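Trainee: here is my input; please provide its structure:
(2 chains)
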Amino acid sequence: MKGLDQALPRWVNIGLLPLLNVVTALLVSALVFLVIDVNPLKAAEILLYGAFGYQEGLGFTLYYTTNFIFTGLAVAIAFHVGLFNIGGEGQAYIGGLGVGLLCLALDTSLPGPALLLLSVLVAGLFGAAWAFIPGWLQAYRGSHIVITTIMFNFIASSLMVYLMVNVLREPGQMTPQSRLLDENSWMPFVHEVLAGIGIEFEASPLNLSIILALLCALGTWLLIWKTKWGYEIRTVGFNRDAAVYAGIKPAYVMVLAMAISGAMAGMVGVNEISGVQHRLILDFHYGYGFAGIAVALMGRNHPIGIILAALLFGVLYQGGAELAFEMSNINRDIVVVMQGLVILFCGALEFLYKPLLAKFFKEKAA
Amino acid sequence: MIETILLTLDATLRVSTPLIFAAFAGMFSERSGVIDISLEGKMLAAAFAAAAVAYTTESAWLGLGAAILVSISLAMLHGVACITFRGNQVVSGVAINILAAGLTMSLGLSWFKQGGQTPLLPDEARFTSIEFPFAEALRDVPVIGGLYSELLSGHNILVYMAFLMVPLAWWILFRTRYGLRLRAVGENPKAVDTAGISVIRLRYSALVFAGVLCGLAGTYISAAHNAQFVRDMTAGQGFIALAALIFGKWRPFPVLGACLLFGLLDAVAVRLQGTELPGIGVIPVQFIEAMPYILTVVLLAGFFGKAVAPKAIGVPYVKER
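Mentor: Below is the predicted model of the structure:
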């Protein structure tokens, strides 16, 4: 395909191209709506109302956004070192397991704030450990990280089913879920905090994990662009050989970046277990890890871009739920379709319009 | 005892069939240098198409045709994204998997109004088992009778197709000029290009093979092994097939072996559910289920043998500028 190699102006690359891609994804989604006999404009109206129209909806949107920020950052950090971490699913799952185990053991014996701090640390540690192994295997044994992280997603899933069914299930319960955690270990809800300072806000799952997510975004920016580690990570990502000549050990840096990446994904466990579910359940992580890939790609691996892309996915998730609720011939899977289309057009087909634009800008320059 | 072994092996063949189709789909694709983690999505979409069309037309063969068409279309989408537009092959695969999961349920709900499932297929609309001649008469002959009537006879036609496809695929890949070129394009596309052969066209053709085989795998799942399409019905088999492909080191007969091994593990897991083994106790089913993934990771780590992927895998081909 001609024009794929030509350089484009910066604003086109980070602004116009992603915008065209999103618009295409939405147009194709509209086509799908037409196929299943739903008026796309009406659907868009319900979707936007569901996501922003009332306080509870907005709360849900931001709660989903929190998860997407975590997994988006996770994928982005690995991208910077030149690795593809599609194990966000498993790392988020195991991160949540860590939080659950910690709180099941200590939820009544430690003061709340200490417990929350520990939960964050443990979620990060568990997620990091689950990413460390594939990272180490890639760096030191040359096993392909895409494959190993996929395998680790499935291993995590089997492990969780085993633990939930055989070990952690609440006695006398049929459903595989743990006992309810003590309120002491819960992450405060945003509506509670707002009520504390006299602002009324409808109850929603949105909790203070969103602050944690924004701090993680800031931390990622500082790490990648302002520290020696970040410099090493980017150098290895750009050119491994050059990194070696600069005295950097690529293998070490890769493992480090993967561990940080896994820790970010593990934070989903905080938002889900401490923040919303308040007990260990199965599949609380489902789909966030994969969506993180799209979030990172759309956000061009930059924290600001990731926050915006995560918000888009949050809107899709919450708006889609509203849609499934309002219309009888749609179920929540329509969100999955839209998500798939966004990943397809913003990720896999990100250069779809490049040849066209390349031609346009060439003519303009000539 | 012999009865149990025969039944387990019989189940192994049934479980392995979709793995064999899908793993060989992956082999064509990856041998040509295109990573294919969308085996799962193609199978799922094919399973839906097979069940939907077989139900509407009451013909299993039309269902199979539709499944293959749908699966090839997804393979071509993969091709457009990562061969023509040089997009990331893993991202494209993830997109296809997610898209297939969402579209099957959304279209299913809209067309059949059963919460996303397809209605049950009547026997005429699916591939039912074929009894070999004299299977019933020979059943009581010791050893051979059991082997013949239990293990060999009584499967549906897709099972036999899977096992016949293996030597055929081997022949195409390793004994024809086309196969040589296909493997070369996965190792050193520049050399193939220099010889005046189109890298792009070869890779697209490999993806067509992958599409056909995933179509067969999906049809087997919804219109032969089962009789309807239900949510998430491939349940990770596409990824087990991917693991088998790597475990078999991208070579036909070892890959067949890996598929049978993983199928056996699955059959054994079902059989062992809750039974106490002498000296070991109860083995958790989840552990046996996770074995294919664990084994593949251990193999990739190079602790036994070494799995070396085709050299040019995952790299879009850029012609000389």
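Trainee: find the nearest non-adjacent residue to residue B:107, please.
Mentor: Leaving aside its sequence neighbours, residue B:107 sits nearest to residue A:36 (Cβ to Cβ, 6 or more residues apart in numbering or on different chains; 6.6 Å). (C-beta placed from N, C-alpha, C; glycine too.)
Trainee: so what's the gap between stretch B:87-100 and the chain middle?
Mentor: 17 Å (Cα atoms, centre = their mean, to the nearest Å).
Trainee: pLDDT weak spots in the stretch 151-300 of chain B?
Mentor: Residue ranges of the stretch 151-300 of chain B with pLDDT under 70: B:274, B:279.
Trainee: go again using 50 as the cut-off
Mentor: Scanning the stretch 151-300 of chain B for pLDDT under 50 picks out no residues.
Trainee: for it, just list every one of the helices.
Mentor: Using DSSP state H, counting those that start in this stretch, the helices of the stretch 151-300 of chain B run over B:157-175, B:177-187, B:189-194, B:199-220, B:237-247, B:252-272, B:285-300.
Trainee: longest helix anywhere in the chain?
Mentor: Just going to use chain A. helix A:112-141 (DSSP state H).
Trainee: that's the wrong chain, I wanted chain B
Mentor: Max-length helix for chain B by DSSP H is helix B:2-31.
Trainee: now that helix against helix B:252-272, angle please.
Mentor: Using axes from the mean of the first three to the mean of the last three Cα atoms, to 10 degrees, the inter-axis angle of helix B:2-31 relative to helix B:252-272 is 140 degrees.
Trainee: what's the first helix or strand after helix B:2-31?
Mentor: Following helix B:2-31 in sequence order, the next helix or strand is helix B:39-57 (DSSP states H and E).
Trainee: I'd like to know which elements that next one is packed against.
Mentor: Judged by 3 or more Cβ pairs under 8 Å, 6 or more residues apart in numbering or on different chains; DSSP states H and E, the packing partners of helix B:39-57 are helix B:2-31, helix B:60-79, helix B:89-112, helix B:199-220, helix B:237-247.
Trainee: how much space between residue A:290 and residue B:181?
Mentor: Distance, residue A:290 to residue B:181, using Cβ to Cβ, to the nearest Å: 34 Å.
Trainee: neighbour-wise, which of those two wins?
Mentor: residue A:290 (22 against 18; other Cβ atoms under 10 Å in any protein chain shown).
Trainee: state the distance from the more buried one to residue B:235.
Mentor: Counting by Cβ to Cβ, the gap from residue A:290 to residue B:235 is 16 Å.
Trainee: ditto for residue A:54
Mentor: On the measure of Cβ to Cβ, residue A:54 and residue B:235 end up 38 Å apart.
Trainee: try residue B:155
Mentor: Using Cβ to Cβ, residue B:155 is found at 21 Å from residue B:235.
Trainee: pick out whichever of the two has more residues nearby.
Mentor: residue B:155 (23 against 13).
Trainee: does the more buried one touch residue B:131 like I think?
Mentor: No: applying Cβ atoms under 8 Å, one finds residue B:155 not in contact with residue B:131, separated by 9.8 Å.
Trainee: burial count for the residue nearest to residue B:171 when sequence neighbours are not counted?
Mentor: In space, residue B:171 comes closest to residue B:179 once its chain neighbours are excluded; the distance is 7.9 Å by Cβ to Cβ, 6+ apart. Per other Cβ under 10 Å, the neighbour tally for residue B:179 reads 17.
Trainee: host element of the spatially most central residue of chain A?
Mentor: Against the mean C-alpha coordinate of chain A, by Cα atoms, centre = their mean, the closest residue is residue A:71 at 2.4 Å. Following DSSP H and E, one finds residue A:71 within helix A:55-80.
Trainee: can you tell me how far residue B:271 sits from residue B:168?
Mentor: For residue B:271, the distance to residue B:168 - Cβ to Cβ - is 32 Å.
Trainee: repeat that for residue A:47.
Mentor: 49 Å.
Trainee: now do residue B:156
Mentor: Relative to residue B:168, and taking Cβ to Cβ, residue B:156 is found at 19 Å.
Trainee: with neighbour numbers in mind, choose between those two.
Mentor: Neighbours around residue B:156 and residue B:168, counted as other Cβ under 10 Å, are more numerous at residue B:156. The numbers are 19 against 12.
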